[in-house]
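1. Task: produce atomic coordinates for the following.
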Amino acid sequence: MNITIVGTGYVGLVTGTTLAELGNSVYCVDIDEKKVEAMKLGKVPIYEPNLEEMFLRNIQAQRLFFTTNLKESLEKSDVIYLALPTPPGEDGSADLSYVLKVANDIGEMMTSYKVIVNKSTVPVGTADKVRATIAAKTSVEFDVVSNPEFLREGFAVEDSMNPSRVVVGSSSEKAKGFMSKVYQPFTNIGIPIIFMDEKSSELTKYASNSFLAVKITFMNEIANYCEKVGADVDKVRLGMGSDDRIGNRFLFPGIGYGGSCFPKDVKALIKSGKQENFDFQILEATENVNISQKVILVSEIENYFGGNLRGKKIALWGLAFKANTDDIREASSLDNIKLLLEKGAEITAYDAIAEENVKKILGDKISYASDMYSALENADCLLIATEWSEFKNPNFKLMAEKLKNKAIFDGRNMFPLELPEQNGFFYKSIGRRTVGE
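-> Okay, the predicted model is just below:
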């Protein structure tokens, strides 16, 4: 099939590349001319493991194309995916201006039947708004479908090529036929398409992400309680996760969730509820707990240094909101940096993948190290904010030589307690006993 993807952000680029890998001719449209030209030359604008290989393979196979010309792509394609940003407004509601602007443009340009697919994460009722926007500009037949994505950053290629399910919201049998054809390579290997109405499909995405945010936050609260009573959250997590009603995923405690999805989607669902005079009390609590959880170790660092961080040099390992991505949106590292700087500390950070994105925001407010051990030079302590694999088995002897104090504050529970203990470190993690007190 010929397919157009409007928007080449994280979701759009991964979706477009995946659909090309499945044998379709895919036209990726973006208004950023420099970005489009770079992609034509084989430059991937985001970091995502295994994406570049698939991206280049499909460009070379002439199945993946990039353009700024929406009209030309529209004429070539039967199915049009909208993968546009829906950032939170000041009140937390999803901003649909990008989606509706493109819907308006499609209405003005469309000359034959198209299936318009909302791939962006959008509030309940957005399909109706897109449909009304297009219908106001054309009398040509079309259908609007909701088809939310469930990609995990860092595992997006794996998730896109082997999804647990495909959710399609549509009231049109004709549109369902087109979507069934698009996803036939998945149904052929037993991956189900779950058809439902558009509003249920839209809510499924928000409900899924919000539930995972609640699960993470609940585990963080359990971890904090573990510290109060002397329990070990790692053992609690294993005991809980072995119950197949609960499952073992998203039970790892830490310094809060971040990224482009969970914070935005929780805010948007809370706001959507209020518009219907409904309070999502659990989600409001989740959001509040997560805000405080992100910086829970700052007070621990402050206590370690007798209540005064002025002039203290903090080494920071990790800037991305999670491992295997360069995404720093809502990253806990940024919240910690802001608070530590306010308290007079100096920060030297290391993150080989996300550093450039942080520089665009913070510039020279912090220092940047070329490797994980260089960041420790003359530092008073180490704070770990991202669970990069290279941090999992460090040289503790070298760390001790470079740090002024053998003190680690670990926001991602990277090490079994025995390791820092055997090497004589003070080690504060989340939901476990503190080593070296």
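
2. in the sheet, who's paired with Leu383?
-> For Leu383, the beta-bridge assignment (DSSP bridges) gives partners Leu316, Phe409.

3. Going forward, the N-terminal residue is numbered 10.
-> Renumbered: residue one is now 10, and that last one reads Leu392.

4. So for stretch 193-206, what gets flagged as buried?
-> 195, 202, 204-205 (16 or more other CB atoms under 10 Å). (C-beta placed from N, C-alpha, C; glycine too.)

5. Grab the nearest non-local neighbour of Glu365.
-> Using CB to CB, 6 or more residues apart in numbering and skipping the chain neighbours, the partner closest in space to Glu365 is Asp335 (7.6 Å).

6. what about the residue nearest to Arg421 when sequence neighbours are not counted, helix or strand, and which?
-> Nearest residue to Arg421, sequence neighbours excluded (CB to CB, 6+ apart): Glu396, at 4.2 Å. For Glu396, there is no enclosing helix or strand under DSSP states H and E.

7. For Arg72, see how far away Glu396 is.
-> Distance of Glu396 to Arg72, computed by CB to CB, to the nearest Å: 35 Å.

8. and what of Ala378?
-> Counting by CB to CB - Ala378 and Arg72 are separated by 41 Å.

9. if we can go back for a sec, where does the residue nearest to Arg421 fall, phi/psi-wise?
-> phi -90, psi 50 (degrees, to the nearest 10).

10. What distance do you get for it to Asp360?
-> In terms of CB to CB, Glu396 sits 12 Å off from Asp360.

11. Could you do Arg421 as well?
-> Counting by CB to CB, the gap from Arg421 to Asp360 is 13 Å.

12. Looking at these two, which has the bigger crowd around it?
-> Asp360 (26 against 23; other CB atoms under 10 Å).

13. Just the pLDDT at the closest residue to the more buried one other than its chain neighbours, thanks.
-> Distances taken as CB to CB, 6+ apart place Leu328 nearest to Asp360, at 3.7 Å, with adjacent residues excluded. At Leu328, the model reports a pLDDT of 98.

14. wait, is Leu328 part of a helix?
-> No: assessed by DSSP: H, G, I helix; E, B strand; the rest coil, Leu328 does not belong to a helix; its assignment is coil.

15. wait, what's in contact with it?
-> Contacts here follow CB atoms under 8 Å, 6 or more residues apart in numbering; on that basis Leu328 touches 337, 340, 342-343, 358, 360, 363-364, 366-367, 394-395.

16. tell me how far the ends of stretch 250-261 are from each other?
-> 10 Å (CA to CA, to the nearest Å).

17. Quick one: distance of it to the chain centre.
-> 21 Å (CA atoms, centre = their mean, to the nearest Å).

18. Any buried residues in that stretch, and which?
-> 250, 259-261.

19. State the helix or strand in which the closest residue in space to Ile89 that isn't next to it in sequence lies.
-> The spatial neighbour of Ile89 that comes closest, neighbours along the chain excluded (CB to CB, 6+ apart), is Thr13 at 4.7 Å. Per DSSP H and E: Thr13 is located in strand 11-15.

20. For that strand, buried residues please.
-> Those would be 12-15, for strand 11-15 by 16+ other CB under 10 Å.

21. of those, closest to Phe159?
-> Nearest to Phe159 out of those is Ile14 (CB to CB; 17.1 Å).

22. That closest one: what's it in contact with?
-> Applying CB under 8 Å, 6+ apart, the residues near Ile14 are 21, 24-25, 28, 35-38, 90, 92, 128.

23. Among those residues, which one has the most neighbours?
-> So for the contacts of Ile14 (other CB under 10 Å), the most neighbours sit at Gly25, 31 neighbours.
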